[in-house]
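**Q** A predicted structure for the sequence below; I have some questions about it.
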Amino acid sequence: MMLPVAVIRPEPGCSATVRAGREAGLEMLACPLSEIRPVAWQPPSPDSVDALLLGSANAIRHGGKALEKFRDKPVYAVGQATAEAARQAGFSIAGVGGGHLQILIDTQDGLPSRLLRISGAEYVPLKIPDGIEVKQCIAYENAPLPLPDEMAQRIGKGAVVLLYSAASARHFAAECDRLGILRGGMLLAALGPRIADAAGSGWGKLQSAPQPNEAALLALASDLCHEPGHI
């Protein structure tokens, strides 16, 4: 017997993660605790931009008509999923990171000097090298949703919860406290240390994936599912 894995990220990522987890033999629970919503944004002049910097496929999904102005600009994407979404939308891909924009910026040769970063309302600050200008536009937001009572009862019996963002970590912790779910019965697997820190303390176990990608996160979840004393 093993603990179920609860996926609280918004759609369509939630369903994709549930499918990947089930293919790996895990018992997966789909419970999106937020919803991605577009935000009206004012794009800069395309002439002032050499390339796009994207930290999520949500920039493509929710960028709207304003994205059309930059169709001829190459994309630097945080990971393969974001790169594929941009490619399917007609953009050319100039560079793909390993799940972290800062690593992409630090290691990419020949990075253009004028970048447009299209992000969500919650974003990770970047250290920009000298000679590089980054304009930033917020095109979407991650709106929190309540944890349904039925799901609260299910995970309250013990579960591994996947955390993909600092905002979702804080929101999940607040929902557990609101509903009286004991933190000590929850095992949390976070995509990175910054996200783990946002979850706070008091959990049965809280660990970060060794690399910021879904394969590493699901591998960690698989290990936690079989934790002694939690089955």
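**A** Received the coordinates, thanks.

**Q** which helix in this structure has the most residues?
**A** When the chain is parsed with DSSP state H, its longest helix is helix 166-179.

**Q** and that one, average pLDDT?
**A** Mean pLDDT, helix 166-179: 96.

**Q** go on, stretch 99-112?
**A** 91.

**Q** any idea how far residue 110 is from the residue located most distally from the centre of the chain?
**A** Most distant residue from the mean C-alpha position of the chain: residue 47, 30.3 Å away (Cα atoms, centre = their mean). For residue 47, the distance to residue 110 (Cβ to Cβ, to the nearest Å) stands at 20 Å. No exception for glycine: its C-beta is placed from N, CA and C like everyone else's.

**Q** nearest residue to the residue nearest the centre of the chain in space, please, no chain neighbours.
**A** Centroid check for the chain by Cα atoms, centre = their mean gives residue 164 as the closest residue, at 4.4 Å. Distances taken as Cβ to Cβ, 6 or more residues apart in numbering put residue 9 closest to residue 164, at 4.5 Å, once the chain neighbours are dropped.

**Q** quick check on the one you found: phi, psi?
**A** Residue 9 adopts backbone torsions of phi -70, psi 160, taken as degrees, to the nearest 10.

**Q** who's in contact with it?
**A** Applying Cβ atoms under 8 Å, 6 or more residues apart in numbering to residue 9 gives the contacts 17, 32, 34, 162, 164, 165, 168.

**Q** got a list of contacts for the helix-or-strand element of the chain with minimal mean pLDDT?
**A** Within the chain, no helix or strand scores below helix 101-107, which has a mean of 92 by mean pLDDT, DSSP states H and E. With contacts defined as Cβ under 8 Å, 6+ apart, helix 101-107 is touched by 53, 55, 76-78, 95-98, 111, 124, 126-129, 132.

**Q** and after that helix, which helix or strand comes next?
**A** As assigned by DSSP states H and E, the chain's next helix or strand after helix 101-107 is strand 114-120.

**Q** may I ask you to confirm that residue 76 belongs to a strand?
**A** Yes - counting by DSSP: H, G, I helix; E, B strand; the rest coil, residue 76 falls inside a strand.

**Q** wait, isn't it in contact with residue 108?
**A** Yes - using Cβ atoms under 8 Å, residue 76 is in contact with residue 108, at 6.6 Å.

**Q** quick one, which of those two is more surrounded?
**A** residue 76 (25 against 14; other Cβ atoms under 10 Å).

**Q** so the nearest residue to that one once chain neighbours are set aside, which of the three states?
**A** Nearest non-adjacent residue to residue 76, counting by Cβ to Cβ, 6+ apart: residue 95, 4.5 Å away. Here residue 95 is strand, with the state taken from three-state DSSP.
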